[in-house]
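>>> The sequence isn't on hand, but the structure is:
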DNA sequence: GGCAAGTCGATGACATGTCAACGAAAGCGT
DNA sequence: ACGCTTTCGTTGACATGTCATCGACTTGCC
């Protein structure tokens, strides 16, 4: 504790690079997505997860867990998306407390027309800039960090982080 | 357009891993920072950049550029930090339009007592989980992406509206 | 000098995210 | 059957970030 191990030059470079990439990459991807498809990244993620299910429907809780979002955040966001006609809410048959989020035709249309451009942007600004070895390294490293954060005895205050399959 | 090149399995793994890491790592670092030092990540970054200057003072514009923040965002945030006594604003001698952000003693105290814990958290949740080769790879890859985003004729380098022909 | 254009920073309106609290409905143990 | 606890989703208050705009000042050009 007394003697903090500061980051050495290479570690510092990696850490600063990561933070700066996060900022700029997000900004650019969000900008293109808004411009080309009229969606925010949050919208895209919601629609994307929904469209990956056979019916285009998910329990709100299930969707929140998959996205690692708080239910509050998802609920607020769905309200806004609902007003734009991208999704609807239905009552849940098995559990009268719950509700089911349902992709509307407009919502499916939106994600299907947005996806190719978005994937292309991810390629152009990230994936295609990396060597195959770097892609693998990034995959390995990020998953290790995620497992570390999701697994150990952290939590304490937040009943939030849900592990997933 | 017509034939989007979707991500293959390894690319998908890297991309999803990155996004998930970003979410969880940010959440955890912010949580610890708030709990241990009463600072948000934004606060930390502002104080950190300020404390790296000899005088602990910077033009607002200069600080915004370093952080890649919009001036609006910085101005709003400084107002809040000012109310908490972490920084003050002074008029700029050379340019009557501008103002200078100044680190207060309380602000310096805050960053100095927060830094060791924060660096330790960055190590614990990221750096120390990586091999030296991965640290270098992450440094290389992120800088390449950042250069790509900042360099080309892609309109704005910063959150500043650029003229478009 | 004087005017047009650009830069600086602040601000208000608004979009989005967090947090704590709530009512309703399951679940659980007895 | 009955309470106690937990889970579900919503909500309101608030923190934060974005965007457009403004007034003040500087700069460039004639």
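Alright, I've got the coordinates. Bear in mind that the values here come from a model prediction, so they are computed numbers and not experimental data. Residues are numbered from 1 along each chain as shown, chains lettered A, B, ... in the order given.
>>> which strands and helices sit next to whichever strand or helix holds residue A:147?
If you go by DSSP states H and E, residue A:147 is part of helix A:132-150. The contact analysis (3 or more C-beta pairs under 8 Å, 6 or more residues apart in numbering or on different chains; DSSP states H and E) places helix A:132-150 against helix B:9-37, helix B:105-125, helix B:132-150. C-beta: built from backbone N, CA, C; applies to glycine.
>>> want to throw those into JSON lines with mean pLDDT?
Listed next are these as JSON lines, based on pLDDT from 0 to 100:
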{"stretch": "helix B:9-37", "mean pLDDT": "95"}
{"stretch": "helix B:105-125", "mean pLDDT": "96"}
{"stretch": "helix B:132-150", "mean pLDDT": "95"}
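>>> Tabulate those (JSON lines), appending mean neighbour count and distance to DNA strand C.
Converted to JSON lines, those look like this (neighbours: other C-beta atoms under 10 Å in any protein chain shown; distance: least, C-beta to the nearest atom of the strand, whole Å):
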{"stretch": "helix B:9-37", "mean neighbour count": "18", "distance to DNA strand C": "7"}
{"stretch": "helix B:105-125", "mean neighbour count": "17", "distance to DNA strand C": "16"}
{"stretch": "helix B:132-150", "mean neighbour count": "18", "distance to DNA strand C": "17"}
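>>> interface residues of chain A facing DNA strand D?
Applying C-beta under 7 Å from any atom of the strand, we find that chain A lies next to DNA strand D at A:59-61, A:64, A:71-72, A:74-76, A:78-79, A:89, A:92, A:95, A:97-99, A:159.
>>> So how do I select the buried members of these in PyMOL?
For the buried members of the residues of chain A next to DNA strand D, the matching PyMOL selection, counting by 16 or more other C-beta atoms under 10 Å in any protein chain shown, is:
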select buried, chain A and resi 60+61+64+74+78+99
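>>> so of the residues of chain A next to DNA strand D, which ones are in strands?
A:59, A:89, A:99 (DSSP state E).
>>> So the second one is in contact with residue A:81, correct?
If I follow you right, that is residue A:89. No: Residue A:89 is not in contact with residue A:81 according to C-beta atoms under 8 Å; the separation is 10.1 Å.
>>> Spit out the contact partners of the closest residue to DNA strand D within chain A.
Using C-beta to the nearest atom of the strand, the single residue of chain A nearest to DNA strand D is residue A:61, 2.7 Å away. The contact partners of residue A:61, taken as C-beta atoms under 8 Å, 6 or more residues apart in numbering or on different chains, are A:71, A:98.
>>> Distance of it relative to residue A:50?
When distance is defined by C-beta to C-beta, to the nearest Å, residue A:61 is 14 Å away from residue A:50.
>>> tell me the angle the helix holding residue A:147 makes with helix B:105-125.
Counting by axes from the mean of the first three to the mean of the last three C-alpha atoms, to 10 degrees, helix A:132-150 lies at 110 degrees to helix B:105-125.
>>> what angle sits between helix A:132-150 and helix B:9-37?
Using the same axes, to 10 degrees, the inter-axis angle of helix A:132-150 relative to helix B:9-37 is 40 degrees.
>>> residues in contact with helix A:132-150?
Counting by C-beta under 8 Å, 6+ apart, A:127, A:130, A:161, A:163, B:10-11, B:13-14, B:17-18, B:20-21, B:24-25, B:28, B:125-126, B:129-130, B:133-134, B:137-138, B:140-141 sit against helix A:132-150.
>>> what about 7 Å?
Helix A:132-150 is contacted from outside by A:127, A:130, A:161, A:163, B:10-11, B:13-14, B:17-18, B:20-21, B:24-25, B:28, B:125-126, B:129-130, B:134, B:137-138, B:141, using C-beta atoms under 7 Å, 6 or more residues apart in numbering or on different chains.
>>> of the residues of chain A next to DNA strand D, list those near DNA strand C.
Applying C-beta under 7 Å from any atom of the strand to the residues of chain A next to DNA strand D, those adjacent to DNA strand C are A:72, A:76, A:95, A:97.
>>> Just flag the most distant two among those.
A:76 and A:95 (21.3 Å; C-beta to C-beta).
>>> now the helices and strands packed on helix A:132-150 as a markdown table including distance to residue A:44?
What follows is these, written out as a markdown table (distance: least, C-beta to C-beta, whole Å):
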| stretch | distance to residue A:44 |
| --- | --- |
| helix B:9-37 | 11 |
| helix B:105-125 | 27 |
| helix B:132-150 | 19 |
